[in-house]
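K.L.:
Take a look and give me a structure for this.
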Amino acid sequence: MDGKHMQIGEVAARTELSLRTIRHYEETGLVVPSARSQGGFRLYTERDVERLMVIRRMKPLGFTLDQMRDLLDATDRLDGDELTPAEREPVLERVREYERAAAEQVTKLRVQLARAEEFARTLGERVQRNQGTAVR
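P.N.:
Modelled structure (predicted):
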């Protein structure tokens, strides 16, 4: 990280999250801006953007805010240097549990997507079959 700070608009553009959503995640304590400008504007770092991207990826998989908070806490702890090997394993297991849950949700979403594609294809075929039979 180069220490560069970004204002919320740039962060919103990079993460494809709305300003309102980013502020909501701040209010819930998921991502707190690393600094404030003299004028009081929120300032974010690359690490803050990475946290927002984790949240953005978890959201469509149905994870709750508490689960997001728990995973972010676990990854913060793993990224830090203060864990002993004995403390590290249970934290790593928490992350593994989220990995398994995410994989399960991806599988479920693939099934839903396949059904949606089949439905769209069926409708398209129906339209094709009936295009020439419209009453004039």
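
K.L.:
Helix or strand with the lowest mean pLDDT in the chain?
P.N.:
strand 35-36 (a mean of 90; mean pLDDT, DSSP states H and E).

K.L.:
list the buried ones in the helix or strand just after that one?
P.N.:
Where DSSP states H and E defines the elements, the next helix or strand beyond strand 35-36 is strand 42-44. Residues R42, L43, Y44 are the ones in strand 42-44 that count as buried (16 or more other CB atoms under 10 Å). Any C-beta I mention is one placed from the backbone N, CA and C, and that applies to glycine too.

K.L.:
what pLDDT does the second one get?
P.N.:
pLDDT for L43: 94.

K.L.:
For it, which residues are in contact?
P.N.:
H5, M6, Q7, P33, S34, A35, R36, S37 (CB atoms under 8 Å, 6 or more residues apart in numbering).

K.L.:
how about a cut-off of 6 Å?
P.N.:
For L43, the contact set (CB atoms under 6 Å, 6 or more residues apart in numbering) comprises H5, P33, A35, S37.

K.L.:
now do the first one
P.N.:
Listed by CB under 6 Å, 6+ apart, the contact partners of R42 are I8, P33.

K.L.:
Can you give me the distance of it to R115?
P.N.:
Separation of R42 from R115 (CB to CB, to the nearest Å): 41 Å.

K.L.:
and what of the second one?
P.N.:
L43 is 44 Å from R115, where distance means CB to CB.

K.L.:
isn't V95 right up against A74?
P.N.:
Yes: applying CB atoms under 6 Å as the test, V95 and A74 come out as touching, 5.2 Å apart.

K.L.:
Give the other helices and strands that the longest helix seen in the chain contacts.
P.N.:
In the chain, with assignment by DSSP state H, the single longest helix is helix 85-130. Other elements packing on helix 85-130 under the criterion 3 or more CB pairs under 6 Å, 6 or more residues apart in numbering; DSSP states H and E are helix 65-79.
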